[in-house]
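>>> Sequence first, predicted coordinates after that:
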Amino acid sequence: MPELPEVEAASRIARRAVRGETIAEVEVLHPAQRRSLPRRAAQALAGDRVTRVARRAKYQVLHLASGRSLVVHFRMAGDWGVTSPGESLPRHSRVALRFTSGRALVLVDPRALCTVTVVEAGDRPLPELGPEADRPSFSAAHLGRALRDRATAIKPLLLDQSIVAGIGNIYASEALWRARLDPRRPGRDVQPAEVKRVVAAVHRVMREALAHPERYYQDGEDGLRFRVYDREGQPCRRCRGPIQRITQAGRSTYWCPACQR
């Protein structure tokens with residue numbers, strides 16, 4: 001699933017492509033998308049203008065001149081495509097925002113799980129979310145309060161968007177590896193010094209990922225930038241112990257039992 005850095009990279013594409021553009025029509029190209037964007041709501045967008053594109057956690061918000069907004073969630077595999085006048089839509093196109101300039105911003109998703117929702121002016125566009133994972137507001141003091149008295153393991157707690165916004169399965173595993181913390185540790189058992197390490201590790205993995213414009217950029221000695229994610233059975237890059245995979249809250253967690261305590 002695209003996480004904060006990948007959604008931010010996609011938001012940069014949308015900002016460059018559509019800010020100031022006027023919507024000519026919105027095409028809903030797959031039945032699954034009509035649940036969040038009915039035909040009538042899509043048709044009512046014609047003539048509105050995109051004033052800015054924002055990102056909050058894993059959501060993108062296209063603000064419109066009318067005061068309405070379009071909230072986009074990529075879910076598991078969504079991404080943006082941009083087409084020039086006369087160019088065919090990409091494969092797996094699900095929603096196409098066509099502009100009077102002839103350009104189009106296209107939501108591409110092979111699994112058809114992505115959503116586009118119209119939020120009327122004055123309505124709250126997003127659920128309650130915690131501080132952004134890459135911002136100073138995600139601090140040791142904040143995380144320490146969130147973990148207090150929680151019996152849930154630290155890894156699932158980092159996936160809770162009301163605690164910290166934008167972290168998913170990949171960066172939670174990566175951050176806990178950098179912090180040398182066992183992902184199974186109950187939140188209430190994580191000590192203040194360890195909380196500081198987790199926050200610093202989250203900030204570091206986010207900073208590194210955001211520095212690269214492409215999604216899941218390639219780097220490192222074996223062609224992958226991930227230190228632990230999706231490396232089950234391979235040697236830990238720190239202690240050479242074998243990386244293991246466990247399931248937590250229905251998601252895969254990758255970790256090194258030898259050096260994450």
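Yep, that arrived.
>>> buried stuff in stretch 114-128?
Of the residues in stretch 114-128, 114-116, 118-119, 125 count as buried by neighbour count, 16 or more other Cβ atoms under 10 Å. To be clear about C-beta, it is placed using only N, CA and C from the backbone, and glycine gets the same treatment.
>>> meant to ask about stretch 235-244, not that
Using 16+ other Cβ under 10 Å as the test for burial, stretch 235-244 gives 236-237, 243-244.
>>> Also stretch 245-258?
Within stretch 245-258, the residues that qualify as buried by neighbour count (16+ other Cβ under 10 Å) are 248, 253-256.
>>> Same check on stretch 77-94?
78-81, 83, 89-90, 92-94.
>>> and which of those is nearest Leu143?
Leu143 has its nearest neighbour among these in Gly78, at 28.7 Å by Cβ to Cβ.
>>> Report the contact partners of the closest one.
2, 72, 94, 107-109, 113-114 (Cβ atoms under 8 Å, 6 or more residues apart in numbering).
>>> any chance of these in JSON lines, plus distance to Ala17?
As requested, the contacts of Gly78 are arranged in JSON lines below (distance: Cβ to Cβ, whole Å):
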{"residue": "Pro2", "distance to Ala17": "18"}
{"residue": "Val72", "distance to Ala17": "13"}
{"residue": "Arg94", "distance to Ala17": "17"}
{"residue": "Leu107", "distance to Ala17": "12"}
{"residue": "Val108", "distance to Ala17": "13"}
{"residue": "Asp109", "distance to Ala17": "17"}
{"residue": "Leu113", "distance to Ala17": "23"}
{"residue": "Cys114", "distance to Ala17": "17"}
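>>> ok, which stretches of the stretch 51-200 of the chain are helices?
For the stretch 51-200 of the chain, the helices defined by DSSP state H, counting those that start in this stretch cover 140-147, 154-158, 169-178, 192-210.
>>> hang on, the earlier thing: which among the contacts of Gly78 gets closest to Glu174?
For Glu174, the nearest member of those is Pro2. The distance, counting by Cβ to Cβ, is 15.0 Å.
>>> Can you tell me how far that closest one is from Pro131?
Taking Cβ to Cβ, to the nearest Å as the measure, Pro2 falls 19 Å from Pro131.
>>> These two - which one has more neighbours?
Comparing Pro2 with Pro131 by other Cβ atoms under 10 Å, the one with more neighbours is Pro2, at 22 against 17.
>>> so the more buried one is in which element?
Secondary structure assigned from DSSP states H and E places Pro2 in neither a helix nor a strand.
>>> so what's the residue nearest to it when sequence neighbours are not counted up against?
Distances taken as Cβ to Cβ, 6 or more residues apart in numbering put Phe74 closest to Pro2, at 4.8 Å, once the chain neighbours are dropped. With Cβ under 8 Å, 6+ apart as the criterion, the residues that contact Phe74 are 1-2, 7, 10, 58, 109, 114.
>>> Tell me, how many residues neighbour Ala175?
27.
>>> per-residue pLDDT, it?
pLDDT, Ala175: 98.
>>> is it true that it touches Asn169?
No: in this structure Ala175 lies outside contact range of Asn169 using Cβ atoms under 8 Å: 11.3 Å.
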